[in-house]
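Chemist: Could you look at this predicted model? Sequence included:
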Amino acid sequence: MISAQHIQATMARYVELVDASDIEGILALYAKDATVEDPVGQTPLQGIDAIARFYREGLGAMKVSATRTGPVRATLNGCGAMPFRVDMEWGEQPCSLHVIDVMEFDTDGKIRSMKAYWSEVNVTARGAA
């Protein structure tokens, strides 16, 4: 089993890579057979090709910045959760999207599952609470 510190470091690195719009770096964190459900309630994407398309069509198509808004919480059995904020334009308006990501890791330390908890109620005008 991987360590809680590895989970914390990988999840923190994920936000740094989103902030840098480094899609290849993000993809390197995932297992080849990983799943992404973003947001939770959408049909999960399965496999690195579908995940790559998701990041290229989303993150790759817009200018965003990302910041953790709290510490990464890690379990001793390969899971972690963290709050963060993505600043972007939504409908041509500057806004912030407040997200909690929950990730499960495989024994190699790769992300095997990512679930993003957010909806439109978590989008605020830039500068609003």
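Modeler: Okay, I see it.

Chemist: hey, which helix or strand in the chain has the poorest pLDDT?
Modeler: Across the helices and strands of the chain, the lowest-confidence element by mean pLDDT, DSSP states H and E is strand 123-125, at a mean of 91.

Chemist: That one pairs with which strands, and in what direction?
Modeler: Taking DSSP bridges as the criterion, strand 123-125 forms sheet pairs with strand 93-105 (antiparallel).

Chemist: which residues touch the partner strand?
Modeler: Contact with strand 93-105 is made by 2, 6-7, 10-11, 14, 69, 78-90, 111-118, 122-126, 128, as judged by CB atoms under 8 Å, 6 or more residues apart in numbering. (Each C-beta comes from the backbone N, C-alpha and C, glycine too.)

Chemist: what are the bridge partners for the spatially most central residue of the chain, then?
Modeler: The centre of the chain sits closest to Asp101, judged by CA atoms, centre = their mean, with a distance of 5.7 Å. With DSSP bridges applied, Asp101 shows beta-bridge pairing to Met82, Ala116.

Chemist: how about the strands in this protein?
Modeler: Along the chain, the segments classed as strands by DSSP state E run 30-37, 45-46, 65-68, 73-74, 79-90, 93-105, 111-117, 123-125.

Chemist: To Val18, which of those lies closest?
Modeler: With CB to CB as the criterion, Val18 lies closest to strand 65-68 of the strands of the chain, at 4.1 Å.

Chemist: Pairing partners for that closest one, with directions?
Modeler: When DSSP bridges is applied, strand 65-68 pairs with strand 79-90 (antiparallel).
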